[in-house]
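# I would like to see how this sequence folds:
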Amino acid sequence: MTKRSYEELRIEGDDIFDLDKLHIERPVINGSIFSWLSWCVERTIGAPFRWYVSKFNLEPIEYETIQEEPTFFPFIPFNNVHKLEDDNIEDYTFQKKYLEDNTKKNLYFKSIIEYHKEFLALTLTPLALVESIEEMEKKSNADSPPLRIFTQKDWDLCKKAAKESTQRYKDGHPLSVLDGIPTAIKDELAVENFTVSCGRAQQGRVRTSDSDIVRTLRNRGAIILGITNMHEMGMGVTGINPHHGTPRNPYNDEHVTGGSSSGSAVAVATGLLPFTIGTDGGGSVRIPSSFCGMHGIKPTFGRWSAVGCDYAPSTVTHAGVIATNTADLALVSALISHSVPNPRFFAPGIRNPVTLRCPKPFKDLRFGTYHKYVSYSEAAVSSVFDQLLTLIPGEIKDVPIGNLYLSKMAHMNTILVETAQNMELWREQSATLTPQTKMVFSICSRSSLRQYMQSAAQKTRAIKIFQSIFDQVDIFITPTIPRLPKKIDEGALAFGEFDEFNLTLTMWFVYLANLCGLPAVTINAGYSEKEGLPIGVQLMAPWWREDMLYEAAGALEQELREPKRQYKP
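Here you go, the predicted model:
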């Protein structure tokens, strides 16, 4: 890539950079009228609506002059990261000591190390834990409204794995600190004996093998309880799913969980599981983590294998972890990173640079934000964010970002064009898809190759901007989402909804990490005073520098009020 100065890129972007173009409230469409509208949009009669959405959300980038060459996969070379000392992630003693030293005690949520110590002392067994989770999960679905965490589960298989883990603890030979720890997987990753439907009503084929990510967890003794609910095809940020029932926010069941990894976030936020796996193409791990008061990470693009993941070969989507605390988030992510680097980018024998130890202590990390960008946040979010900034030592640099409007369009274009790869599925299963998903596929049909190429060129420009930003700061910090989780409209539960304003606002800060392939983490930073709804803060770091995120998130976590659990199983 040709090196261009930060000022050159920023000023050039200011000519077309206008957040107000995005911050325009539009009508919400749901209920039976939404079903009728989606039927029209799929046909000739809906051409004006398709034109409207494309004209203002997709086409403007087509006519921009962008000097950069296109970047498709945002895989950035390691540079000096490989010089960092790798941790011995596979060593059991290291794993145990890391969690003991770094896990913050919480009265409401039990961590991996707490479960592990109880297993070692035989005061709790993996089998007894799975049996108690089975009862709690049944109770959660008997509530009004039901939580709807899982779409598939097999308790007999879980108990078989739990019995084997229990025996290993009795023999004194656990496979790792994850041995016997229950978890669940979003409905986009292959899990042996389960189907992958991506939240659709029509189930896919039963998988005969695990995805690389799931196999890594199993090899370390983790117990896969089942498949978690999600927003159909990942085509929304609310988590609403008319097919399988909508997962409910444990802090207030009248508000959305966020999506699309809704079930994975709720499983952790209820205290049912200490961690889960989700996927993130436009904030789909970080959004529900923030709305449900949890921590979530989207690693550097290419850090994890995508073999066995239905989102492959997306250039913006990546699997990630949702957990109750930073230490659990970090260790699970590091174990997966170390074991299964993405074969698309790593030659055999070449490993990820994996370390949990940041060479810079928290007090020496350089923080930056963009105050104009952050100023669009609601008052409750701004209050929590401003309070968190007081915990950061030293100056917080104001770092403007140019091209935000074009970058937003580039991200949306990329998702839509890559979604169009599944057009055959749309044609085959249109009758069973939600109106929202059918509408997205209809809009995909207007995407052009030139728009995709222009979006890839804008991706290059955005990457250059962040390379320049990270010459100045180590951590770029914003709220995770500038608004509180919206209330659920009853009309949306049956048909989904079209809410362009909520989509734009919910993804306001998160999409840049997907477009550029950056690692990003959200941590719970507090709650709104009036509603008591969780508010998250997002940290982004340079490519491959998750160690900086763990250092900063862990230090802030120690100073913040501990996350509370609202749901009582």
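# The stretch 401-550 of the chain: helices as residue ranges?
404-419, 423-429, 435-444, 449-472, 490-495, 500-506, 511-516, 546-559 (DSSP state H, counting those that start in this stretch).
# Sorry, wrong one. I was asking about the stretch 1-150 of the chain.
Under DSSP H, counting those that start in this stretch, the stretch 1-150 of the chain gives helices at 6-14, 31-41, 47-57, 92-102, 112-121, 126-142.
# Quick check: which of these is nearest to residue 231?
Of all the helices of the stretch 1-150 of the chain, helix 31-41 sits nearest to residue 231, with 15.2 Å by CB to CB. Bear in mind the C-beta positions are built from the backbone N, C-alpha and C, glycine included.
# what angle do that closest one and helix 47-57 make?
Interaxial angle, helix 31-41 versus helix 47-57 (axes from the mean of the first three to the mean of the last three CA atoms, to 10 degrees): 90 degrees.
# Show the contacting residues for the closest residue to residue 542 other than its chain neighbours.
Once flanking residues are discounted, residue 542 sits nearest to residue 470: 4.3 Å by CB to CB, 6 or more residues apart in numbering. By CB atoms under 8 Å, 6 or more residues apart in numbering, the contact set of residue 470 is 476, 541, 542.
# Report pLDDT for the spatially closest residue to residue 322 that is not a sequence neighbour.
The shortest distance from residue 322 to any non-neighbouring residue, by CB to CB, 6+ apart, is to residue 296 (4.6 Å). pLDDT for residue 296: 98.
# Residue 296 is in what secondary structure piece?
Secondary structure from DSSP states H and E places residue 296 in strand 295-298.
# How far off centre is that strand?
Put simply, strand 295-298 sits 6 Å off its chain's centre (CA atoms, centre = their mean, to the nearest Å).
# helices and strands around that strand, which ones?
strand 275-280, helix 286-291, strand 318-323, helix 326-339, strand 520-527, helix 546-559 (3 or more CB pairs under 8 Å, 6 or more residues apart in numbering; DSSP states H and E).
# Need the CA coordinates for it. CSV is fine.
The C-alpha coordinates for strand 295-298 follow below in CSV (Å, rounded to 0.1, in the frame of the first residue of the first chain):
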residue,chain,number,x,y,z
HIS,A,295,-17.8,-8.7,27.5
GLY,A,296,-17.2,-9.7,23.8
ILE,A,297,-14.3,-9.8,21.4
LYS,A,298,-14.0,-9.8,17.6
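# so what pLDDT did residue 216 get?
96.
# From the chain's centroid, how far away is stretch 190-199?
On CA atoms, centre = their mean, the centre of stretch 190-199 falls 19 Å from that of its chain.
# what pLDDT, on average, does that stretch get?
For stretch 190-199, the per-residue pLDDT averages 96.
# any idea how far residue 101 lies from residue 327?
Distance of residue 101 to residue 327, given as CB to CB, to the nearest Å: 8 Å.
# re the thing from before, got a list of what the residue nearest to residue 322 touches?
265, 278, 280, 285-286, 288-290, 320-323, 329, 521-522.
# residue at max distance from the center of the chain?
Centroid-distance maximum for the chain: residue 171 at 37.4 Å, with CA atoms, centre = their mean.
# Distance-wise, check it relative to residue 204.
For residue 171, the distance to residue 204 equals 38 Å [CB to CB].
# pLDDT below threshold where in the chain?
1-25, 56, 79-86, 347, 349, 423, 426, 568-569 (pLDDT under 70).
# what residue is smack in the middle of it?
The centre of the chain sits closest to residue 285, judged by CA atoms, centre = their mean, with a distance of 1.7 Å.
# and residue 101 and residue 327? which has more neighbours close in?
Each of residue 101 and residue 327 has its neighbours counted (other CB atoms under 10 Å); residue 327 has more, 25 against 9.
# hang on, isn't the more buried one packed against residue 106?
No - applying CB atoms under 8 Å, one finds residue 327 not in contact with residue 106, separated by 11.1 Å.
# coming back round to it: in its sheet, what does the strand holding residue 296 sit against?
Using DSSP bridges, strand 295-298 pairs in its sheet with strand 318-323 (antiparallel), strand 520-527 (antiparallel).
# Would you convert those strands into JSON lines that also reports mean neighbour count and distance to residue 408?
Below are these laid out as JSON lines (neighbours: other CB atoms under 10 Å; distance: least, CB to CB, whole Å):
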{"stretch": "strand 318-323", "mean neighbour count": "29", "distance to residue 408": "19"}
{"stretch": "strand 520-527", "mean neighbour count": "26", "distance to residue 408": "16"}
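# Go through these and name the closest to residue 67.
Taking CB to CB, strand 520-527 is the member of these nearest to residue 67, at 26.9 Å.
# which residues are in contact with that closest one?
251, 286, 289-290, 293-298, 326, 329, 384-385, 387-388, 480, 510, 513, 533-541, 546, 549-550, 553, 556-557, 560-561, 563-564.
# Equivalent analysis for stretch 371-389, please.
By CB under 8 Å, 6+ apart, the list of residues contacting stretch 371-389 reads 19, 23, 369, 396, 398, 400-401, 404, 477-479, 481-484, 505, 508-509, 525-531, 533, 535, 537, 556, 560.
# Emit the PyMOL select command for whichever of these are buried.
Here is the PyMOL command that selects the buried residues among the contacts of stretch 371-389 (16 or more other CB atoms under 10 Å):
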select buried, resi 369+396+400+401+404+477+478+479+481+482+483+484+505+508+509+525+526+527+528+533+535+537+556+560
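# if we can go back for a sec, separate out the buried members of the contacts of strand 520-527.
Buried among these (16+ other CB under 10 Å): 251, 286, 289-290, 293-298, 326, 329, 384-385, 388, 480, 510, 513, 533-541, 546, 549-550, 553, 556-557, 560, 563.
# what kind of secondary structure is residue 237 in?
Of the three states, residue 237 takes coil under DSSP: H, G, I helix; E, B strand; the rest coil.
# Quick check: the closest residue to it other than its chain neighbours vs residue 258, distance?
Nearest residue to residue 237 in three dimensions, chain neighbours excluded: residue 506, at 4.3 Å (CB to CB, 6+ apart). Distance, residue 506 to residue 258, by CB to CB: 7 Å.
# now swap in residue 474 and tell me
Residue 474 is 27 Å from residue 258, by CB to CB.
# same deal with residue 448?
For residue 448, the distance to residue 258 - CB to CB - is 31 Å.
# between those two, who's got more neighbours?
Between residue 448 and residue 258, counted using other CB under 10 Å, the more crowded position is residue 258 (32 against 14).
# quick one: that one from residue 239, how far?
Separation of residue 258 from residue 239 (CB to CB): 6 Å.
# Please enumerate the shared neighbours of the two.
In terms of CB under 8 Å, 6+ apart, residue 258 and residue 239 are both contacted by the residues 265, 288.
# So what's the residue count around the residue nearest to residue 237?
Neighbour tally, residue 506, other CB under 10 Å: 28.
# list the contacts for it?
Per CB under 8 Å, 6+ apart, neighbours of residue 506: 237, 258, 283, 287, 481, 483.
# doesn't the third one fall inside a helix?
Going back to what we said before, that points to residue 283. No - Residue 283 is assigned coil when assessed by three-state DSSP, not a helix.
# Let the chain start at 697 from now.
In the new numbering, first residue 697, that becomes residue 979.
# these two touch, right, it and residue 1210?
Yes - Residue 979 lies in contact with residue 1210 (CB under 8 Å); the separation is 7.2 Å.
# out of these two, which sits in the more crowded spot?
Counting neighbours by other CB under 10 Å for residue 979 and for residue 1210 shows that residue 979 has the greater number, 31 against 27.
# Residue 825 against residue 857, yeah?
No - Residue 825 lies out of contact with residue 857 (CB under 8 Å); the separation is 11.6 Å.
# related to what we said a few turns ago, now render the contacts of residue 1166 as TSV, adding distance to residue 808.
TSV is the format used below for those (distance: CB to CB, whole Å):
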residue	distance to residue 808
1172	28
1237	23
1238	27
